[in-house]
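In: Below is the structure, and that's it, no one-letter string:
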């Protein structure tokens, strides 16, 4: 059966060869690999590889493209509207949409389109879209 953990372990095993140029690959208990990539010119670049289900892709992308300050402000903005925003989803906080938490928009608006991009998350929160390069704080 497919699990993120088995997938990320296989990826790490395949990358950790001298031919690929990856050094110091470390895996945490979740679904991420951290390490360094050595270019053919000898430069070292930090790498973060994450594996998420497609339904979480836009949320993970928003979280990882930052900035930390913008992410923190967006989470607070959502919380002020009884919505929980994280790197995996948007969840309504009761009593918004009823007495139990619900995934937004999948459980709150059954005919809503799939959340495919960061722009969709900004729109659901009623915020103008801010491109990643404009989020540097």
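Out: Great, that's in hand. Computed from a predicted model, the values in this text were never measured in an experiment. Residues are numbered from 1 along each chain as shown.

In: Geometric centre of this protein: which residue is closest?
Out: Centroid check for the chain by C-alpha atoms, centre = their mean gives residue 60 as the closest residue, at 0.9 Å.

In: Surely that one forms part of a helix?
Out: Yes - counting by DSSP: H, G, I helix; E, B strand; the rest coil, residue 60 is located in a helix.

In: Look up how far residue 130 lies from the closest residue to it other than its chain neighbours.
Out: The shortest distance from residue 60 to any non-neighbouring residue, by C-beta to C-beta, 6 or more residues apart in numbering, is to residue 52 (4.5 Å). (C-beta placed from N, C-alpha, C; glycine too.) The gap separating residue 52 from residue 130 is 22 Å, by C-beta to C-beta, to the nearest Å.

In: And residue 88, by the same measure?
Out: 21 Å.

In: repeat for residue 11
Out: Distance, residue 11 to residue 130, by C-beta to C-beta: 31 Å.

In: before we move on, back to that, compare residue 52 and residue 130 (neighbour count), which wins?
Out: Neighbours per residue (other C-beta atoms under 10 Å) separate residue 52 from residue 130, with residue 52 holding more: 19 against 13.

In: shouldn't the more buried one be in contact with residue 31?
Out: Yes - the criterion here is C-beta atoms under 8 Å, and residue 52 meets it with residue 31 at 6.6 Å.
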